[in-house]
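K.L.:
need coordinates for the following:
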Amino acid sequence: SVATVSEDGLVKARGTGIAQIVVSTVDGNFKAICMVNVVSPIDKFEVDGLCFKAVSSGSTNVKLTNNVYDYWPHEKPEYKPYKGHVVVPASVTFEGVEYKVTTIGRDAFRNCPDLLSVTVSEGIIDLETDSVCACDKIEVLRLPSTTRGWAYGSTSNAVSRCPLLRIEISGTRYSLVDDCLYDDSQHQLTWVPDWKETVVVKDGCGTIRTTVLDAKQVRKVVIPSSVSAVYAQNFQECANLAEVDLDWDYDQLDDLTYEGRREGGHPEYFYFYGRVYSEITIKVPSGMKDYYSNHKLWGMGFNIVEK
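P.N.:
Below is the predicted model of the structure:
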């Protein structure tokens, strides 16, 4: 059947097609007729200049994409990057079907030279890898309180390579401290603006996520002893980095989680790649220079000085 009607009068679609719904009173003196047209959701479509794709085939949950997303190379149309001030709605209607926007998809706002701002509406949950990437003029990304997922890739995260960008966000899960974004539910540093020259990780933060500390302009980073994990691909594109201030004691340094920690591992592949170690000063607690000098990550040849 195309549709069914519950005892409470709720009509539910069961298949595509047209159905006639007839309602009458118990005595038969009054009758009403309604025609219902059930159509299949479209997997890929455009509304008001914004491109969307279903999160799975046949779903009415969709992600914002761009106009070349999911095409074979020989089929791709000319890329039309978003520009100006873009507002991503929480829902859109296409050919009579309402779709819920749940995600800002991968590369949705990649290489958009004239993009100035993006406002993400309440109800949207996830940002995939490189959702906003390589947009030289964007100044503001406004995120809703419903933001939950923030993707991390091997070389970038949800937002990267936007030299002017600041983030605004509402709600209680995420917070901004000195323009840096923290996921307080996970006690982790999530994003640092590319233009930051000094990054002071807030006390109480436990984790520095992948690729977060790869800000192009950063010169100094201060990491508190509360941090117990520094994931890979940090300090990779910090051409101006001159100083890292550390505060771990003996036990905290021994327990620090980092890539390449295991026997036979190579942390130099995951941190400070391409940098001249001796040009970077590592400040450490008094009396701990030798201990840091023998550490697998922090003893790779940096200029270590005691505070």
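K.L.:
A strand includes Asp254, no?
P.N.:
No - secondary structure of Asp254 (DSSP: H, G, I helix; E, B strand; the rest coil): helix, not part of a strand.
K.L.:
which non-adjacent residue is nearest Gly84?
P.N.:
Residue nearest to Gly84 in three dimensions, not counting chain neighbours: Leu116, with 5.8 Å by C-beta to C-beta, 6 or more residues apart in numbering. (Each C-beta comes from the backbone N, C-alpha and C, glycine too.)
K.L.:
wait, isn't that neighbour in contact with Lys137?
P.N.:
Yes - here Leu116 reaches Lys137: they are 5.9 Å apart, a contact under C-beta atoms under 8 Å.
K.L.:
who's in contact with Val118?
P.N.:
Val118 is in contact with Val86, Val87, Val88, Phe109, Val132, Ile138, Val140, Leu141, Arg142, counting by C-beta atoms under 8 Å, 6 or more residues apart in numbering.
K.L.:
what about those residues, which are in strands?
P.N.:
Those of these mapping onto strands are Val86, Val87, Val88, Phe109, Val132, Val140, Leu141, Arg142, per DSSP state E.
K.L.:
and the first one, what is it in contact with?
P.N.:
Listed by C-beta under 8 Å, 6+ apart, the contact set of Val86 reads Leu50, Phe109, Leu115, Ser117, Val118, Thr119.
K.L.:
buried subset of those residues?
P.N.:
Leu50, Phe109, Leu115, Ser117, Val118 (16 or more other C-beta atoms under 10 Å).
K.L.:
the residue nearest to Gly84 and Val87, how far apart?
P.N.:
Leu116 sits 12 Å away from Val87, going by C-beta to C-beta, to the nearest Å.
K.L.:
between the two, which one's more packed in?
P.N.:
Leu116 (16 against 12; other C-beta atoms under 10 Å).
K.L.:
strands paired with the host helix or strand of that one, and their directions?
P.N.:
Using DSSP states H and E, Leu116 maps to strand 115-120. Strand 115-120 pairs in its sheet with strand 84-88 (parallel), strand 140-143 (parallel), by DSSP bridges.
K.L.:
need the phi and psi values for Tyr292.
P.N.:
Backbone geometry at Tyr292, expressed as degrees, to the nearest 10, gives phi -70, psi -40.
K.L.:
elements contacting the lowest-mean-pLDDT helix or strand in the chain?
P.N.:
Ranked by mean pLDDT, DSSP states H and E, the weakest helix or strand in the chain is strand 11-13, scoring a mean of 81. Strand 11-13 sits against strand 3-5, strand 31-38, with contacts defined as 3 or more C-beta pairs under 8 Å, 6 or more residues apart in numbering; DSSP states H and E.
K.L.:
mind putting those strands in a markdown table, mean neighbour count included?
P.N.:
Shown next, in a markdown table, are the helices and strands packed on strand 11-13 (neighbours: other C-beta atoms under 10 Å):
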| stretch | mean neighbour count |
| --- | --- |
| strand 3-5 | 15 |
| strand 31-38 | 11 |
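K.L.:
dump those to JSON lines, plus mean pLDDT and distance to Val101.
P.N.:
Output for the helices and strands packed on strand 11-13, formatted as JSON lines (pLDDT from 0 to 100; distance: least, C-beta to C-beta, whole Å):
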{"stretch": "strand 3-5", "mean pLDDT": "84", "distance to Val101": "26"}
{"stretch": "strand 31-38", "mean pLDDT": "84", "distance to Val101": "22"}
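K.L.:
among the ones you listed, which comes closest to His266?
P.N.:
strand 31-38 (57.8 Å; C-beta to C-beta).
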